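# please find the sequence and the predicted model below.
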Amino acid sequence: MPETEIPEPSSRDRTTLVKLRERQCRYVVSDGGSEAVFCGSRTNEGSSWCPWHRQLV
């Protein structure tokens, strides 16, 4: 059975810590500015990361 390809998350979902909500990916995509920027894509229940970033952690 072939593996299902997981699409890379959209940069449109990126957010800051104060705007981060439940079921949004907590993977830090940038921390070079005045505040960290998180992926923000939708996560699966019980996970802190979207499927794309889950593969990396």
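It's in.

# what are the ranges of the helices in the protein?
For the chain, applying DSSP state H gives helices covering 51-54.

# show me the strands in it, by range?
For the chain, applying DSSP state E gives strands covering 15-16, 28-30, 37-38.

# save these as CSV, and put in mean neighbour count too.
In short, each C-beta sits where N, CA and C put it, glycine included. Shown next, in CSV, are these (neighbours: other CB atoms under 10 Å):
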stretch, mean neighbour count
strand 15-16, 16
strand 28-30, 13
strand 37-38, 20
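
# out of these, which gets nearest to His53?
strand 28-30 (8.8 Å; CB to CB).

# given that closest one, what are its sheet partners and their directions?
Within its sheet, strand 28-30 is paired with strand 37-38 (antiparallel), according to DSSP bridges.

# for the record, mean pLDDT for the strand it pairs with?
Across strand 37-38, the average pLDDT comes to 96.

# now stretch 21-28
Averaging pLDDT along stretch 21-28 yields 97.

# hmm, who's touching it?
Among residues not part of stretch 21-28, those counted as contacts by CB atoms under 8 Å, 6 or more residues apart in numbering are 9, 13, 15, 20, 36-43, 45, 48-50, 53, 56-57.

# same question, stretch 36-50
9-10, 13-17, 20, 23-31, 51-54, 56-57.

# endpoints of that stretch, how far apart?
End-to-end distance of stretch 36-50 (CA to CA, to the nearest Å): 17 Å.

# ok, and for it, which residues are buried?
Across stretch 36-50, burial judged by 16 or more other CB atoms under 10 Å covers Val37, Phe38, Cys39, Gly40, Ser41, Thr43, Trp49, Cys50.

# could you work out the most separated pair of the residues you listed?
Val37 and Thr43 (16.5 Å).

# could you flag which of the contacts of stretch 36-50 are buried?
Members of the contacts of stretch 36-50 classed as buried by 16+ other CB under 10 Å are Pro9, Arg14, Thr15, Gln24, Cys25, Arg26, Tyr27, Val29, Pro51, His53.

# go through the residues you listed and say which is closest to Glu3.
The closest of the buried ones among the contacts of stretch 36-50, once distances to Glu3 are taken by CB to CB, is Pro51, at 12.1 Å.
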